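# how would this look folded up:
(one chain, ligands or ions: 1)
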Amino acid sequence: MTIRHDDAPALPGDVLLRVERLTMRFGGLTAVNDVSFDVKWGEITALIGPNGAGKTTVFNCITGFYKPTVGRLTLQSATGRFLLERLRDHQISRTAGVARTFQNIRLFGGMTVLENLLVAQHAPLMKASGFTLLGVLGIGGFGAAERTAIDKAKAWLERIDLIDRADDPAADLPYGDQRRLEIARAMCTDPALLCLDEPAAGLNPRESLELNALLRSIRDRDGTALLLIEHDMSVVMEISDHVIVLDYGKKISDGAPRAVREDPKVIAAYLGVEDEEVDEVEREIEEAVS
Ligand SMILES: Nc1ncnc2c1ncn2[C@@H]1O[C@H](COP(=O)(O)OP(=O)(O)OP(=O)(O)O)[C@@H](O)[C@H]1O
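Next up, the predicted model:
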């Protein structure tokens, strides 16, 4: 069945995902409150904010883990226009082309590094088999599809410098390598949008630099847009093109990294000051920069 939502309004050509008035309530708690933003093609967009600000909840709404209480999530890619809030999570990943990684690494630790990248390509392989045993045994296009899958997996292992570890169990890799493998696994599905939940968490400075290089190359070489939640401000400021800041479920700032970093509302949120003290923070910043 082809899923397309042609009744959704067209987005400007440079916008891949438009989040409009997104609200998510859990009983009496409003975790995300009337949040709107765009994710553009060819950009790395960072979603930041203090603990409990609602970042993961926004991710869970975009990727279909939660059904938003209110809001429209329009994704417009080469394969069509989709209203994500109407889709189930597997449709969002397979049909709309949204891939994600989690805060905690979720590789198949007992499988080899190569197998982890082949499992990610399960859907096209099964399609090539015609979902029949004869298909899997090589009648029809399965053999060619399998070779394509292996070639793609190997190309990604070359790119993340893990080709020499292809036959080792994924669990034996150092933490930073597991992170990059998880990202490569997500990229094996050829996503239009890659959502990364705290990709730099737990990395040492060298691993963090390798991660930055990988994320930039995904943006520049693969043309995949990235949306990431990140607490490490050096990573956010270094690689993001666009930053959105949440605090208590509301968007408080949205713009280029430098502008957001100097926004008094953002500084106040991170310092944990009350709303009425924001003016004071603003004055202090102005005095400091003048
Ligand atoms: N399934 C849920 N049921 C009830 N409350 C939830 C649920 N998921 C999240 N929350 C609440 O929603 C609020 C926002 O949580 P969320 O995890 O989205 O924040 P976050 O910005 O990702 O935080 P962190 O940086 O600590 O991961 C929190 O108060 C959290 O306790």
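
# Quick check: next helix or strand after the helix or strand of the chain with the lowest mean pLDDT?
Across the helices and strands of the chain, mean confidence by mean pLDDT, DSSP states H and E is lowest for helix 133-136: a mean of 54. Later in the chain than helix 133-136, the nearest helix or strand by DSSP states H and E is helix 142-159.

# Give me the three-state assignment for the residue most central in space within the chain.
Ranked by distance to the mean C-alpha position of the chain (C-alpha atoms, centre = their mean), the top residue is C195 at 0.6 Å. With DSSP: H, G, I helix; E, B strand; the rest coil as the basis, C195 sits in strand.

# which residues touch the closest residue in space to it that isn't next to it in sequence?
Closest residue to C195 apart from its sequence neighbours, by C-beta to C-beta, 6 or more residues apart in numbering: R100 at 4.1 Å. Yep, even glycine has a C-beta here, placed from its N, CA and C like the rest. Neighbouring residues of R100 by C-beta atoms under 8 Å, 6 or more residues apart in numbering: 59, 63, 93, 186, 194-197.

# Can you give me the separation between R100 and the ligand?
Using C-beta to the nearest ligand atom, to the nearest Å, one gets 13 Å for the distance from R100 to the ligand.

# Kindly state the pLDDT recorded for that residue?
R100 is assigned 92 on the pLDDT scale.

# Could you measure from it over to C61?
Distance of R100 to C61, given as C-beta to C-beta, to the nearest Å: 12 Å.

# Next: L11.
Distance of L11 to C61, given as C-beta to C-beta: 18 Å.

# Neighbour count: these two, which is higher?
Neighbours around L11 and C61, counted as other C-beta atoms under 10 Å, are more numerous at C61. The numbers are 25 against 16.

# what secondary structure does the more buried one sit in?
State at C61, reduced to three classes by three-state DSSP: helix.

# Nearest residue to it in space, please, no chain neighbours.
P68 (4.7 Å).

# right, and the helix or strand after the one helix or strand the residue nearest to C195 maps to?
Here R100, judged by DSSP H and E, is contained in strand 98-101. Moving toward the C-terminus from strand 98-101, the next helix or strand (DSSP H and E) is helix 113-119.
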